[in-house]
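[1] predicted model and sequence below, questions to follow.
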Number of protein chains: 2
Amino acid sequence: MKLLWSPRSPFARKVAIVLHELNLQDETTKVLTNLALPITPPKSILEVNPLGKIPALILENGKVLMDSRVICEYLNSSHNGSLYGTDYEANTTHLIWQSLADGLNETLLLWRTEINRGDTKSTAICANFETKVGATMAHLNTNIQQFRQEKFGIGHIATLCVLGQLDFRWSSSEWRRSFPELAAWAQDVSDRPSVKENPSAVEDSSTAFPIKAPQIQFFKE
Amino acid sequence: MKLLWSPRSPFARKVAIVLHELNLQDETTKVLTNLALPITPPKSILEVNPLGKIPALILENGKVLMDSRVICEYLNSSHNGSLYGTDYEANTTHLIWQSLADGLNETLLLWRTEINRGDTKSTAICANFETKVGATMAHLNTNIQQFRQEKFGIGHIATLCVLGQLDFRWSSSEWRRSFPELAAWAQDVSDRPSVKENPSAVEDSSTAFPIKAPQIQFFKE
């Protein structure tokens, strides 16, 4: 299998962790694919996924799966994984956590794009994103004590990936201070091999176009 | 059940069609909930879904499901529906179509937000969206002949909802001229009761903030 992937994509990281959980990491070739919103994706990417996004997984038979949710569910089902909860109730809980974590990641990506517009950024849109990010982080922090008791699975993986993205792109937010329950849980699962061997990216200055580190403050004091 | 819903949301329409397919429309109260990106969602919405999005479904026991994908899958499973394919292969195909159609809808929403920035819009971002929308529509048009042979399900519903959104918000695109296979299929399923009774919204001028009808041309002549 070939995985179109970037260490900067939290959604590609989700797939990489799932591959590792299913012991498939050695059967998959990662193809580094850097995409960013202002640049139109090249034809070679659009031919794989017309939405021009990663992750995309190319199976041995040439079939393409796109979208981390579709890919992870396919991998888990086709390899008899148990990453989607042990019963119906747990399955729904995992899918809700995945949805919240993925939605948070999408909001963070859009917010960062907005901030990088500089003088033309919309303060109303930024305020909208700040409210949603704060509300969602607070919700996850309140509920992680209960969710951490579920068997490790896709909801946990998605949540780890958004927390890793906060470390990578929003380090000045110091989210651990505002959300200590999430921080404690993230620390506890950080030694899991699939997580340890697929770390989130580390901020650097060698990106194709320079990124200003955005400032967020979760709680106004 | 209560569904936070708007006739303008293609994702809320997906859920409404699924409810109808499962004969649950009379067990669900639709609560009109208008949200739009520049305006920060009210606290009452954030308490239901901290991501501040619709659709959200509130079950009789108070549990909340958010995100059309999570809601539709829950409804289908909990009511023994057959909207997710009759076998494993068909299931994956439905999920891929849903992902492409939902991704297309998300891109259209972002593109429209971009166009409505007026003088401050980014031409690079608009070009990016235009390319992805054109590539995805072409992909769906090429493959609908095969997909229409599958039992009607979530992939078809998601596709109908994005085509309805093109009629609602992008009527000047005349997408039927560029994508006749999709147009023929959409016509053929338009008489299905679940589709007929849950139409896409019709463009009007009574929106909270005035919308310029965006111009898109799929094929440059």
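    Arrived safely.
[2] run the contact check for the helix or strand of chain A with the lowest mean pLDDT versus chain B.
    Every helix and strand in chain A was compared by mean pLDDT, DSSP states H and E; the lowest is helix A:175-178, with a mean of 92. No - applying Cβ under 8 Å from any Cβ of the partner chain, one finds helix A:175-178 out of contact with chain B, separated by at least 14.4 Å. (Each C-beta comes from the backbone N, C-alpha and C, glycine too.)
[3] where does chain A dip in pLDDT?
    A:204-221 (pLDDT under 70).
[4] before we move on, back to that, dump the least confident helix or strand of chain A to PDB, restricted to CA.
    This file holds the C-alpha atoms of helix A:175-178, laid out as PDB (Å, rounded to 0.1, in the frame of the first residue of the first chain):
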ATOM      1  CA  TRP A 175      -3.000  24.300  26.300                       C
ATOM      2  CA  ARG A 176      -1.800  22.000  29.100                       C
ATOM      3  CA  ARG A 177      -2.300  24.800  31.600                       C
ATOM      4  CA  SER A 178      -5.900  25.400  30.600                       C
END
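[5] quick one: list the elements packing against it.
    Secondary-structure packing of helix A:175-178 (3 or more Cβ pairs under 8 Å, 6 or more residues apart in numbering or on different chains; DSSP states H and E): helix A:123-147, helix A:180-189.
[6] right, is the next helix-or-strand element following the first one up against chain B?
    Which is helix A:123-147. Next helix or strand after helix A:123-147 toward the C-terminus (DSSP states H and E): helix A:154-169. No - residues of helix A:154-169 contacting chain B under Cβ under 8 Å from any Cβ: none, with a closest distance of 11.0 Å.
[7] so residue A:13 touches residue A:163, yeah?
    No - taking Cβ atoms under 8 Å as the definition, residue A:13 is not a contact partner of residue A:163, at 11.0 Å.
[8] and those two? Which one has more around it.
    residue A:13 (29 against 24; other Cβ atoms under 10 Å in any protein chain shown).
[9] so for whichever strand or helix holds that one, what gets flagged as buried?
    Per DSSP H and E, residue A:13 falls inside helix A:10-21. Within helix A:10-21, the residues scored as buried using 16 or more other Cβ atoms under 10 Å in any protein chain shown are A:10, A:11, A:12, A:13, A:14, A:15, A:16, A:17, A:18, A:19, A:20, A:21.
[10] ok, stretch A:29-36 next?
    A:30, A:33, A:35, A:36.
[11] filter those down to just the ones in strands.
    Among the buried residues of stretch A:29-36, the members found in strands (DSSP state E) are residue A:30.
[12] which of the buried residues of stretch A:29-36 fall within helices?
    Nothing among those maps onto helices, per DSSP state H.
[13] just give me the longest helix of chain A.
    Using DSSP H, we find that the single longest helix of chain A is helix A:88-115.
[14] what about it, near chain B?
    Yes - judged by Cβ under 8 Å from any Cβ, helix A:88-115 comes into contact with chain B at A:88, A:92, A:95, A:96, A:99, A:100, A:103, A:104, A:107, A:110, A:113.
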